[in-house]
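Chemist: Pasting the sequence and the predicted coordinates here, then a few questions.
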Amino acid sequence: MDNNDNIEYYNDIYSYVDYLYKLNVNEKNLCTKNIDMLLNSTGHISKVTNIATGVGYCIYKAKLQEFIGVRDFIVSNTPGKGTDIHKLLGLVSIEIFNRSKPTLNGTLISTIYDENIDLFVDRDDKDENIELAYEMLSSLQNVLVNRIYNILGTSYDKLFPVVEQQFHDYEYHILGVPDLILEDKENKRAIVVEWKTYDEQVYDTEKAQVVAYSLLEAKRLGYSDRDAVNAITGVWDDNQKTIKDVKVLPLIIRPGIGKGRKLTLQPHPILFSNTKEKFIEFRKLIGKVIVVAGYLTLQLVNPKVFGIDEKEVKDYCKLKIRDKEYSALRLIPLGLRKGNPSRRDKFPCKSGNSPICSLFDACGFYLGQYKKTPFDIVMWALRYYTIGSKESTSTIFKVIYELFRTHRREDVISNLKNGNGYEWMFAANSPVKLQSKKRQRIIIYKYNRIFQQIRLDIIDGIYDSNNFVIYRKIRDYEKNDGKLRVIREGKPIMLFLNDGSRIPLLSLNLTARIDNVEVDNNLVKYYINIPSSVFRFSLTLIKKYIEKYPELVRDSLLVETGVNLTSRELMTIDAIQRILRDNSQEVLEKIRENIDRKEGTQKILERIVKDLERESDNGWDLYQTIDDALPKLISKLNKPSD
């Protein structure tokens, strides 16, 4: 039976594999087994902004942004989102949801603005931003009191504000920074707030975005799989004809709601249209978010990195659509909104005669043409190599996730304090195992050799909040052998506070750098700083949390991380490919001249890929940049045939 767009693909979806089971592929069990293995092994995950684009606007645009590296603007995945109003809303939220009474007025907002004035860029807009912040926060408070507290069975005094924290989740393959979460952790309830600073209609991308954030929050609260989806949608009661048992409520707040304007509260149907039809539609929306997240992540996986034959998987996953054969491994999810990359003649590409998609030209360049030049083939080889090589950086987060998913947090902290570490094999579905050597780190093995080491430390408290110095006591095993296990100066790190979340990657956190390590009597002190001004807002938030809740620092996790440049390097490849191929005839002619002396384009590509893999196995530095790798590839084209 053929697959077609009329089948209900997004009913009862709790994972990407659930979607694959709905497709009539050649070898369903082998297809789903291998793809599930790839998704459960990779360190790559998809950004919420790209997931929302794929669900609500165009799946091709999402693919261009996530996998090919095309950008019309830079989307920040760090707290602050780059706008003064978002920063102000976040700072005020921490204050008003930390008081015995929810006091909100213009004077309070103005005071908070002045106390943090260095964070704001457009200071001429101060009065306008204060007024807008007051309006939106008032709207939120009204909705909470009049609607949401009753729906969730919670109250103001139980809520903890989580402001713009970067969360990673490897079950749904999502990376994102929710604007605001109001969390009742004791009762496992939450409101996930997305600020929209305009009072236009709510777009489908925005609905998908706040739903993706809600999946992250459901995981943070401890829900998983079917329970996570049900926590967001609730369940439909046929007897009472209503939605019940909502536990995590996504909510978009816009200006105008507090002024009595008839703006519907989106996107949960319990807030605007409590009908079975809208309930089913909302569940499909969540299904689409899960599927697109899995699909975009899969595009970032190089199967060979995990010893999986891509050609075999493609064969297992073959399917027919209108008498044409495809493979589900790379096929875009069916039934989603999309343009036609070849024609680009209607929505979402054009409105009338005018292009409306910001990636209109890039889409035609990459997806609308079917004849690739030899130069294109080299650049695609470089793109796949980059994705594979950057697994080493993103794997750090994957291993931390798996460590705390499969071991109790208390046990991990205790083991690390005793100097024990863990080990993980760089392979599909490999478990994280305890090892008793006093190394206090995670050792990653590849081909039975040490491939990478992740240094960790457990923090006891804050020593100096103004200069952000954290500390721990020197441990007995360090005294016994006279050797300290510390993260070295100058290293990039992430600090994960102990806020009760089982998975550190879903807890309050800070991306930073260790400027200095000092041993003072019986203490190891870490002097923490931010690597760039981009993280200044994030540092301010963490300082405020520690000031109000100093207990969050005790038994917090300090992890040495690499710098994940995957997105930036894909952007570089995109720039090189489009600019050189379109504008540099000299480069094209040189490449074509050398290509003519070789066996053929496909053989060249295969040789390049084999050379890259061999050089990688022989110790080629996996942290190299595009600047290092590109000359190697071009030089291969310039050598005479072997």
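Modeler: Happy to help now that I have it. Small disclaimer: the values here were computed from a predicted structure and weren't measured. Residues are numbered from 1 along each chain as shown.

Chemist: For the rest of this, base every contact and every neighbour count on C-alpha atoms.
Modeler: Noted.

Chemist: Show me the strands in the stretch 251-400 of the chain, by range?
Modeler: Remark: strands assigned in the stretch 251-400 of the chain by DSSP state E, counting those that start in this stretch are 266-267, 318-321, 324-327, 350-351, 354-355.

Chemist: Just name the most buried of those.
Modeler: strand 266-267 (a mean of 21; mean count of other CA atoms under 10 Å).

Chemist: So which bits of stretch 85-102 are buried?
Modeler: By neighbour count on 16 or more other CA atoms under 10 Å, the buried set for stretch 85-102 is 85-98.

Chemist: Redo the residues you listed as JSON lines? Include pLDDT, secondary structure and distance to Arg383.
Modeler: Listed next are the buried residues of stretch 85-102 as JSON lines, based on pLDDT from 0 to 100; DSSP: H, G, I helix; E, B strand; the rest coil; distance: CA to CA, whole Å:
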{"residue": "Ile85", "pLDDT": "95", "secondary structure": "helix", "distance to Arg383": "37"}
{"residue": "His86", "pLDDT": "95", "secondary structure": "helix", "distance to Arg383": "34"}
{"residue": "Lys87", "pLDDT": "96", "secondary structure": "helix", "distance to Arg383": "35"}
{"residue": "Leu88", "pLDDT": "97", "secondary structure": "helix", "distance to Arg383": "39"}
{"residue": "Leu89", "pLDDT": "97", "secondary structure": "helix", "distance to Arg383": "39"}
{"residue": "Gly90", "pLDDT": "97", "secondary structure": "helix", "distance to Arg383": "37"}
{"residue": "Leu91", "pLDDT": "97", "secondary structure": "helix", "distance to Arg383": "40"}
{"residue": "Val92", "pLDDT": "96", "secondary structure": "helix", "distance to Arg383": "43"}
{"residue": "Ser93", "pLDDT": "96", "secondary structure": "helix", "distance to Arg383": "42"}
{"residue": "Ile94", "pLDDT": "95", "secondary structure": "helix", "distance to Arg383": "42"}
{"residue": "Glu95", "pLDDT": "93", "secondary structure": "helix", "distance to Arg383": "45"}
{"residue": "Ile96", "pLDDT": "93", "secondary structure": "helix", "distance to Arg383": "47"}
{"residue": "Phe97", "pLDDT": "91", "secondary structure": "coil", "distance to Arg383": "46"}
{"residue": "Asn98", "pLDDT": "77", "secondary structure": "coil", "distance to Arg383": "47"}
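
Chemist: just the residues you listed now: which is nearest Asn429?
Modeler: Nearest to Asn429 among those: Gly90, at 38.5 Å, using CA to CA.

Chemist: what is the residue nearest to the closest one when sequence neighbours are not counted paired to in the beta sheet?
Modeler: In this structure, Gly90 finds its nearest non-sequential neighbour in Val163, 5.7 Å apart by CA to CA, 6 or more residues apart in numbering. Judged by DSSP bridges, the bridge partners of Val163 are Leu180.

Chemist: so for stretch 168-187, what's the average pLDDT?
Modeler: For stretch 168-187, mean pLDDT rounds to 97.

Chemist: and it, which residues are buried?
Modeler: 168-185.

Chemist: So which of those residues sit within strands?
Modeler: His168, Asp169, Ile174, Leu175, Gly176, Leu180, Ile181, Leu182, Glu183, Asp184 (DSSP state E).
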